[in-house]
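S.K.: coords please:
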Amino acid sequence: MRTADPKIMNPWRLSIAPMMDWTDRHCRYFHRLLTKRTRLYTEMVTSGALLHGDVPRHLDFNDEEHPVALQLGGSEPQDLAHCARLAQQWGYDEVNLNCGCPSERVQRGAFGACLMAEPQLVADCVRAMRDAVTIPVTVKHRIGIDRNENYEFARDFIGSVAEAGCEVFIVHARNAWLKGLSPKENREVPPLRYETVHRLKRDFPALTIVLNGGVETPAQMADQLAQVDGVMVGREAYHNPWTMADWDERFFGAEPTPRDRSEIEARMIAYMECEVAAGVPWSRVVRHMLGLRNGLPGSRHWRQVWSDHRLKGEPPATVAALASAPRL
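M.R.: Numbering: from 1, shown residues only. This is a model prediction of the structure:
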């Protein structure tokens with residue numbers, strides 16, 4: 001490590017967003033091959049799934065994933081406290097409460113973004129979880145709900161939840177429109193308002209404020225890190241994963257680590273072989289690395305071979321050889 005700058009040592013300086021159907025344990029293992037320091041998040045897991053479902057299926061992860069956080073969805077303090085205890089027992093480094101998802105299914109469960117309208121309930125949830133565990137309890141939320149763009153709404157929400165002991169807030173810099181937009185549209189249509197997040201940091205200097213939403217390039221990341229404590233990147237990291245390859249050096253002061261995409265692919269093939277031996281089809285794994293060769297000659301052919309359902313019965317090494325072979 002080149003420096004002990006406290007900003008660089010901040011655990012939330014860079015993170016990958018929790019993304020449903022995407023950031024499963026296979027995806028996180030792949031991302032960890034590209035960056036050792038960036039914080040990783042699970043897909044949202046509902047409290048009901050842990051209370052009544054297959055706990056190992058939802059919580060198992062690879063030791064290589066650290067630092068890794070479990071994101072929970074729920075609104076019942078004692079249920080969330082129980083789930084937080086499970087997270088700590090399983091070895092997670094953080095438990096995060098989802099107060100930002102706008103989907104109608106989540107709204108029917110009375111959690112996600114609609115919780116922003118009930119800051120005291122969120123505070124009760126945070127307090128119950130903090131009483132149950134010693135790992136950090138954090139909150140991810142929007143800057144507002146529906147068309148309410150009053151700054152005071154976000155400020156008062158953070159103020160109330162901070163009184164319950166939450167010290168880290170991951171702020172998606174868009175409102176959540178609870179009616180009329182799909183989850184995908186909610187990531188694109190409500191305007192980004194970065195200044196609101198910057199203002200929150202100015203008003204709560206003692207809290208860790210992480211900005212999420214629309215940040216894609218290293219230059220944009222650096223610009224935001226000059227104004228807030230951390231940046232959370234979502235779909236850009238998933239679709240163009242090689243962008244993460246120099247984050248440790250660029251943003252955490254780590255020594256340069258020479259690597260190439262073929263090395264990363266080889267390590268993923270070894271991982272897939274282990275998963276196949278454990279009964280997991282390699283197709284569940286490989287889908288997360290299909291962006292690895294974006295921008296390189298032959299990348300389309302490479303993706304097509306790895307995506308060919310007719311090859312799913314072949315060993316990963318065999319498919320890799322076909323994907324890398326020059327087209328005739």
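
S.K.: lowest average confidence, helix or strand, in the protein?
M.R.: Using mean pLDDT, DSSP states H and E, helix 104-108 stands out as the lowest-scoring helix or strand of the chain, at a mean of 65.

S.K.: Contact partners for residue 138?
M.R.: 69, 94-97, 166-170 (Cβ atoms under 8 Å, 6 or more residues apart in numbering). The C-beta positions use only the backbone N, C-alpha and C, and glycine is treated the same way.

S.K.: repeat for residue 246
M.R.: Residue 246 touches residue 218, counting by Cβ under 8 Å, 6+ apart.

S.K.: now do the one 10 residues further on
M.R.: With contacts defined as Cβ under 8 Å, 6+ apart, residue 256 is in contact with residue 249.

S.K.: tell me the secondary structure for it?
M.R.: coil (DSSP: H, G, I helix; E, B strand; the rest coil).

S.K.: that older thread, for my notes, please list the contacts of residue 138 in a markdown table and give secondary structure and pLDDT for each entry.
M.R.: A markdown table is the format used below for the contacts of residue 138 (DSSP: H, G, I helix; E, B strand; the rest coil; pLDDT from 0 to 100):
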| residue | secondary structure | pLDDT |
| --- | --- | --- |
| 69 | strand | 98 |
| 94 | strand | 98 |
| 95 | strand | 98 |
| 96 | strand | 98 |
| 97 | strand | 98 |
| 166 | coil | 98 |
| 167 | coil | 98 |
| 168 | strand | 98 |
| 169 | strand | 98 |
| 170 | strand | 98 |
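
S.K.: List only buried entries from those residues.
M.R.: By neighbour count, with 16 or more other Cβ atoms under 10 Å, the contacts of residue 138 hold 69, 94-97, 166, 168-170 as buried.

S.K.: which of those lies closest to residue 298?
M.R.: Ranked by distance to residue 298 (Cβ to Cβ), the buried ones among the contacts of residue 138 are led by residue 69 at 36.1 Å.

S.K.: which one is the closest one nearest to, not counting chain neighbours?
M.R.: residue 94 (3.7 Å; Cβ to Cβ, 6 or more residues apart in numbering).
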